[in-house]
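# predicted model and sequence follow; I will ask about them next.
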Amino acid sequence: EAGVAQSPRYKIIEKRQSVAFWCNPISGHATLYWYQQILGQGPKLLIQFQNNGVVDDSQLPKDRFSAERLKGVDSTLKIQPAKLEDSAVYLCASSGQGNYEQYFGPGTRLTVT
Amino acid sequence: DQQVKQNSPSLSVQEGRISILNCDYTNSMFDYFLWYKKYPAEGPTFLISISSIKDKNEDGRFTVFLNKSAKHLSLHIVPSQPGDSAVYFCAVSGSARQLTFGSGTQLTVLP
């Protein structure tokens, strides 16, 4: 079974530029999550989707971050404009219906200069 | 306000000995608890979990213990192997099945 796929793996941009990350969850997983992991901390939830609907985006900085999950499969997370403090690893995870266990992709390491 | 705390940023143990990683949480409403392992440049990998109705769950060399009255979770690895060297995160979940993570403990198993 293929795992969670993410791209790109690494991205370097200047502040005020925009960037987008892509995630393809495990086949059949209805729930998809985006996390931000800052160096030295645990992952922090940004947004949770159930199929193509948003369950919780209370931790998403909506003035600059946006996310969508069209057709209930792939998802994209966008930052526009980026700030220095957005430098982090962005992780995508998915889980099966009714399951607590989440399965993570390899992440995208974003550096904002 | 940290809901989940891993107070030891790092731990070193000899190969073959027991590794004990600890985690404390604040909210008694959490009902599911998980441990993840993370290698550099990879995403966290699910390791083992336990429901709040149990106090112990075992999977091979890995055992998770839950003390609900103390709001304390621990992971025991016996025997420890060099390949176990990684960052270990505990995570807690409530009714929405969202995970709140601790800050992680770097485990180093010395050959």
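Perfect, I can see it now.
# ranges for the strands of the chain?
All of this is about chain A. A:5-7, A:10-13, A:19-24, A:31-37, A:44-50, A:53-56, A:65-68, A:75-79, A:88-95, A:103-104, A:108-112 (DSSP state E).
# let's do chain B instead
B:4-5, B:10-14, B:19-25, B:32-38, B:45-51, B:56-59, B:62-67, B:72-77, B:86-93, B:99-101, B:105-110.
# close to chain B: what parts of chain A are there?
A:4, A:6, A:31, A:33, A:40-45, A:48, A:55-56, A:91, A:93, A:95, A:99-107, A:109 (Cβ under 8 Å from any Cβ of the partner chain). Bear in mind the C-beta positions are built from the backbone N, C-alpha and C, glycine included.
# and those, which are buried?
For the residues of chain A next to chain B, a burial check counting by 16 or more other Cβ atoms under 10 Å in any protein chain shown picks out A:4, A:6, A:31, A:33, A:42-43, A:45, A:48, A:91, A:93, A:95, A:100-107, A:109.
# right, and the strands of chain B - which one's nearest chain A?
Among the strands of chain B, the nearest to chain A by Cβ to the nearest Cβ is strand B:99-101 (3.1 Å).
# where does pLDDT dip in chain A?
Counting by pLDDT under 70, chain A has low-confidence residues at A:1.
# who are the contact partners of the one residue sitting closest to the centre of it?
What sits nearest the mean C-alpha location of chain A, by Cα atoms, centre = their mean, is A:Trp34, with 3.1 Å. The neighbourhood of A:Trp34, defined by Cβ atoms under 8 Å, 6 or more residues apart in numbering or on different chains, consists of A:Cys23, A:Leu45, A:Leu46, A:Ile47, A:Ala67, A:Ser75, A:Leu77, A:Tyr90, A:Leu91, A:Cys92.
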